[in-house]
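S.K.: Okay, here's the prediction I keep looking at, along with the sequence it came from:
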Amino acid sequence: MENDENKKPEEKTFQDKAEQWIDKAEEFMDDTADKIHESETYRKANKSVENATKKLFRKAGRLWGKSEHYFKNRDTK
């Protein structure tokens with residue numbers, strides 16, 4: 001009986017410590033993510049990805065228009 005009572009507080013303290021470690025890790029990750037998002041390198045990378053995406057969709061739009069034009073002309077012949 002005494003052994004069982006002694007084990008429960010140990011488990012709680014370990015679980016409390018584990019929760020504290022998890023909270024600290026989450027806080028650290030949040031702080032690090034904020035620092036990354038505020039960095040100049042991240043802004044530059046974000047801008048370049050945005051520009052690449054715009055170019056890609058513009059080219060896709062041109063190809064779409066060309067394919068529609070091709071299929072319309074093909075059906076009339």
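M.R.: Ah, there it is.
S.K.: helix, strand or coil for Lys24?
M.R.: With DSSP: H, G, I helix; E, B strand; the rest coil as the basis, Lys24 sits in helix.
S.K.: residues in contact with it?
M.R.: Neighbour list for Lys24: empty [criterion: CB atoms under 8 Å, 6 or more residues apart in numbering]. For every residue, glycine as well, the C-beta is placed using N, CA and C.
S.K.: Let me see the ranges of the helices in the protein.
M.R.: In the chain, the segments counted as helices under DSSP state H are 2-38, 40-76.
S.K.: can I get those helices in CSV with mean pLDDT?
M.R.: Shown next, in CSV, are the helices of the chain (pLDDT from 0 to 100):
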stretch, mean pLDDT
helix 2-38, 83
helix 40-76, 89
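S.K.: residues contacting the spatially most central residue of the chain?
M.R.: When CA atoms, centre = their mean is applied to the chain, the residue found nearest the centroid is Ala33 (10.5 Å). By CB under 8 Å, 6+ apart, Ala33 lies in contact with nothing.
S.K.: For it, give its distance to Arg74.
M.R.: 52 Å (CB to CB, to the nearest Å).
S.K.: number of nearby residues for Asp43?
M.R.: Not quite, residue 43 is Arg, not Asp. Using other CB atoms under 10 Å, Arg43 has 11 neighbouring residues.
S.K.: Just the CA atoms of stretch 12-26, as PDB, please.
M.R.: Output of stretch 12-26 as PDB, limited to C-alpha atoms (Å, rounded to 0.1, in the frame of the first residue of the first chain):
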ATOM      1  CA  LYS A  12       2.700  13.600 -11.100                       C
ATOM      2  CA  THR A  13       5.900  15.400 -10.700                       C
ATOM      3  CA  PHE A  14       7.400  13.700 -13.800                       C
ATOM      4  CA  GLN A  15       4.200  14.600 -15.700                       C
ATOM      5  CA  ASP A  16       4.300  18.200 -14.500                       C
ATOM      6  CA  LYS A  17       8.000  18.400 -15.500                       C
ATOM      7  CA  ALA A  18       7.100  17.000 -18.900                       C
ATOM      8  CA  GLU A  19       4.300  19.500 -19.400                       C
ATOM      9  CA  GLN A  20       6.700  22.300 -18.400                       C
ATOM     10  CA  TRP A  21       9.300  21.100 -20.900                       C
ATOM     11  CA  ILE A  22       6.600  21.000 -23.600                       C
ATOM     12  CA  ASP A  23       5.400  24.500 -22.700                       C
ATOM     13  CA  LYS A  24       9.000  25.800 -22.900                       C
ATOM     14  CA  ALA A  25       9.600  24.000 -26.200                       C
ATOM     15  CA  GLU A  26       6.400  25.500 -27.700                       C
END
